[in-house]
Structures are given as structure tokens and as C-alpha cells.
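# here's my sequence, what's the structure:
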Amino acid sequence: MDFGQAIKSGFKNYAVFGGVASRSEFWYWILFTQLVSTGLSIIQTAILPISSGNMFANPGLQSAQNWASMLALSSASGLSSLWGLAVLIPTLALGARRLRDAGKSPQLLWLYLAPLASIIFAAVAVAIYAMANPSRFGITFGDTSGWVTVLIAVAGISLISLTVGILFLIWFTQPTKTAEQGNKYAVQQPSMAAPIQPIEPGTTA
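Down below sits the predicted model:
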């Protein structure tokens with residue numbers, strides 16, 4: 001599957017989590033989404049200095065020029081966010097199909113939630129520790145206990161995210177595994193052989 005076919009397939013199978021997807025289909029789609037994201041980031045970076053310069057040149061936010069600058073900046077940021085949301089579902093669906101094609105369970109996609117779950121757990125743990133030890137938990141230069149707790153939480157989340165990322169990179173780069181090779185998730189291809197017609201009694205072949 002080439003680049004154009006992969007993009008077309010990604011949008012055509014927007015929320016199709018069943019079936020399989022080859023490595024080329026998956027990685028061409030990832031390349032496409034990253035190229036668009038990079039383009040939107042370049043646009044946003046180009047607009048940011050102009051907008052900031054206009055706003056600092058005239059601090060009065062009521063001026064039409066400043067409002068136009070803020071609108072341009074928010075539009076560029078909004079485009080990046082909208083693009084991320086637009087390709088989230090097809091990327092997850094393609095990921096499920098790629099896992100199935102490689103002989104892995106699509107349920108492994110739930111591991112994507114591991115970093116988010118770690119962040120929530122760390123935030124709750126830090127909050128509980130802060131309430132239980134108000135005198136010791138201070139994000140100040142004089143008392144480093146709070147900073148140490150935050151750094152440990154960040155290090156733990158980073159380690160989990162890195163581990164999950166490496167695992168998915170390995171799974172997504174594995175070759176296609178057929179049913180004959182033991183892939184229970186492989187799509188069974190219909191046989192191309194013509195069915196054999198039974199010979200009725202009293203007729204010649």
C-alpha cells in the first residue's frame with residue numbers, strides 16, 4: 001500500500017477497529033498525520049511572534065490590531081487541537097488493526113491509558129501527602145521534600161510512558177502474521193478454488 005492509498009484507507013475506515021492493517025498502511029498514516037501536525041505547528045510559530053509583537057507594541061487590548069492578532073493566534077492553536085481530535089479515532093482504529101495483523105490482541109490499546117492513569121495516581125498521591133504533611137510539603141527552596149516528591153512522581157510517569165512507547169513501537173513494526181503462522185486474529189481469506197460439483201448417478205463426468 002502506497003502513501004495515498006494509506007491516507008484514503010485511514011479516512012475510509014475512520015472508526016473500523018475490526019480487520020487488519022499492514023505495516024505500510026499504519027506507518028504511512030502516521031507519517032501523514034505528523035506532516036500535517038508539523039505544518040500547523042510551523043504556521044502557529046510564524047503567527048506567534050507577529051501576534052506578540054503587535055500586542056506588546058500596543059498594550060491596549062481594545063485595539064482592532066491586537067484583537068486581530070489574538071484571533072489569528074487562537075485560530076492557529078485551535079487548528080492544531082482540532083486536527084489532533086480529528087485523527088485520534090482513526091489512529092486508534094488503525095492501531096487496533098495493526099496489532100491484530102501482527103498477531104497481538106487489540107485490547108493492548110488500553111495500555112495507552114497507562115500514562116494518563118499514572119498522572120492521575122501521582123496527582124492524587126501528592127495531594128494526599130500534602131494534606132497529611134502540610135508542614136513538610138512545601139514547594140520552596142528552603143524545604144525540598146515537596147520537590148523530591150514531585151520529581152519522583154514525574155520520573156515514575158516518564159518511565160511508564162517510555163516503556164509503553166517502546167512496547168507499541170515493537171508491536172507496530174512487527175511483520176504480518178498469517179493464520180497459518182498461528183495468528184488467531186488474522187482475517188481468513190476466502191478460497192479462490194472453484195467448488196467441486198457432485199456427479200449425479202446415471203451421468204458421465
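# mind listing what residue 157 touches?
115, 118-119, 122 (C-beta atoms under 8 Å, 6 or more residues apart in numbering). All C-beta spots, glycine's among them, are computed from the backbone N, C-alpha and C.
# buried subset of these?
Neighbour-count burial (16 or more other C-beta atoms under 10 Å) applied to the contacts of residue 157 gives 115, 118-119, 122.
# export these as JSON lines, with columns for secondary structure and pLDDT.
What follows is the buried ones among the contacts of residue 157, written out as JSON lines (DSSP: H, G, I helix; E, B strand; the rest coil; pLDDT from 0 to 100):
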{"residue": "115", "secondary structure": "helix", "pLDDT": "75"}
{"residue": "118", "secondary structure": "helix", "pLDDT": "75"}
{"residue": "119", "secondary structure": "helix", "pLDDT": "76"}
{"residue": "122", "secondary structure": "helix", "pLDDT": "73"}
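# redo those residues as JSON lines? Include distance to residue 9.
Formatted as JSON lines, these follow (distance: C-beta to C-beta, whole Å):
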{"residue": "115", "distance to residue 9": "28"}
{"residue": "118", "distance to residue 9": "33"}
{"residue": "119", "distance to residue 9": "33"}
{"residue": "122", "distance to residue 9": "38"}
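# wait, which of those is closest to residue 178?
The nearest member of those to residue 178, counting by C-beta to C-beta, is residue 115 at 32.7 Å.
# grab the nearest non-local neighbour of the closest one.
In this structure, residue 115 finds its nearest non-sequential neighbour in residue 161, 4.3 Å apart by C-beta to C-beta, 6 or more residues apart in numbering.
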